[in-house]
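> model this:
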Amino acid sequence: MTRLLGSVCLLYVLSVAANAQFLNTDQKDVEKIKNSTLLLVLEEPDPKIVSKLSKKYPKALEDYQNQIAGRNFALRYALENFWDLTEKVEFHPEATAFELIEKNPDQYLLISFGQYLEYERIGLVSGSDGDPAGWRTSSTGELTYNHTSKYTVLSREITTLEISDTKPLVSVFLPSVYPSLSGAVYGVQQIQYLLRYLATDSENKMSKMPKQIEANNPELKDKILLIDQNDVDPKVAAEELAEIYPYPVQLVDPSVIREAILARDASYAYLQIVSTPGERGSIDTHVISDASDGKIYYYVTPGLGVGSYSALITDYRTRIKERHFKSYAVD
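Numbers count the residues shown, from 1 in each chain. Below is the predicted model:
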């Protein structure tokens, strides 16, 4: 009876969480996406922001321009290397993109980073290492990414990746308001996984995604679960993990996770902590995905309704507790 009640409770939490995460995308949307040219709008600096920052905050201007260049680079990389649901993908600056859409509204759909904070509100911020957060330009002119951005208050901000016409058709939440290469790939793979799920059977609906995730979960035991060692509460000792999570798991440097994602390594699943909307702001949602194709094995917001944007979480490096490990895999 206890086990049955536990499964029912898990399904309820999955249902609430998944319904908060995913739009009500349906088979018609999938067909529209498959029959359209996907158009990546390459963001451009806002002249008003450039004028304002250039006069008073030249370093902030450089950072603003870096973030835009980095976002464009990350999403273009993800589409060129990981998008395979459709063949037609084009990349155009904003002015050209919107002109194409206006002339051919039935031919194009936009893929873009959706909900995110305007730069003027975020301002010039740092990663936990004290260097500028997000994207920056090296001394050789190469774009690089500061991966310690996730261990700051930035991890509480919400951003999305979405495909849209006049409204979003499908949308997923991303791990960072400053998407990295692996973060953009995470979004692209998750969108494709959701669309393929819908396309597989006419009876599949987004409202049934919680049951699908629950059905996927037992497969997790055949994967090596990678978890960022910096996200784990120090009270969880690595040598004790076998007692609380009985399947292969590794607490690793985050670079190992990035490499597994970019290599599409089917040996691994990985955990991302993603900020999603809550009643009073953003809340942490734990998502476990397959590194090869974005298949979702777990999607739960622990302590649903707790941990709002303004609430108690002040240490962004210790968000995975022992109780979370116990819930990640179903026997």
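> Could you pull up the residues touching the closest residue to residue 148 other than its chain neighbours?
Leaving aside its sequence neighbours, residue 148 sits nearest to residue 127 (Cβ to Cβ, 6 or more residues apart in numbering; 3.5 Å). Yep, even glycine has a C-beta here, placed from its N, CA and C like the rest. The contact partners of residue 127, by Cβ atoms under 8 Å, 6 or more residues apart in numbering, come to 133, 146-149, 151-152.
> for those, which one is nearest residue 302?
For the contacts of residue 127, the minimum distance to residue 302 (Cβ to Cβ) is 18.8 Å, reached by residue 151.
> With pLDDT added, can I get the contacts of residue 127 in a markdown table?
Output for the contacts of residue 127, formatted as a markdown table (pLDDT from 0 to 100):
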| residue | pLDDT |
| --- | --- |
| 133 | 87 |
| 146 | 92 |
| 147 | 92 |
| 148 | 89 |
| 149 | 87 |
| 151 | 84 |
| 152 | 81 |
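> From residue 149, how far off is the most centrally placed residue in the chain?
Taking Cα atoms, centre = their mean, the centroid of the chain lies closest to residue 174, which sits 2.2 Å from it. Residue 174 is 12 Å from residue 149, where distance means Cβ to Cβ, to the nearest Å.
> Need the per-residue pLDDT for the residue nearest to the centre of the chain.
In this model, residue 174 is scored at 93, pLDDT.
> can you give me the helices in this structure?
2-21, 27-34, 47-56, 58-82, 94-103, 119-122, 181-200, 209-216, 241-244, 254-262, 322-327 (DSSP state H).
> Lowest mean pLDDT across these, which one is that?
Among the helices of the chain, helix 2-21 scores lowest, at a mean of 41.
> tell me the domain ranges of the chain?
2-18+205-327, 27-200 (automatic domain parsing).
> Quick check: end-to-end length of the longest one?
Domain 27-200 has its terminal residues 10 Å apart, counting by Cα to Cα, to the nearest Å.
> quick one: it to chain centroid distance?
11 Å (Cα atoms, centre = their mean, to the nearest Å).
> now do the first one
Between the mean C-alpha location of domain 2-18+205-327 and the chain-wide mean there is a distance of 13 Å, by Cα atoms, centre = their mean.
> My read is that residue 221 contacts residue 329, right?
Yes. The pair formed by residue 221 and residue 329 meets the contact definition of Cβ atoms under 8 Å, at 6.0 Å.
> which neighbours do those two share?
246-247.
> more neighbours, these two?
Shown here are residue 221 and residue 329; by other Cβ atoms under 10 Å, residue 329 has more neighbours (21 against 15).
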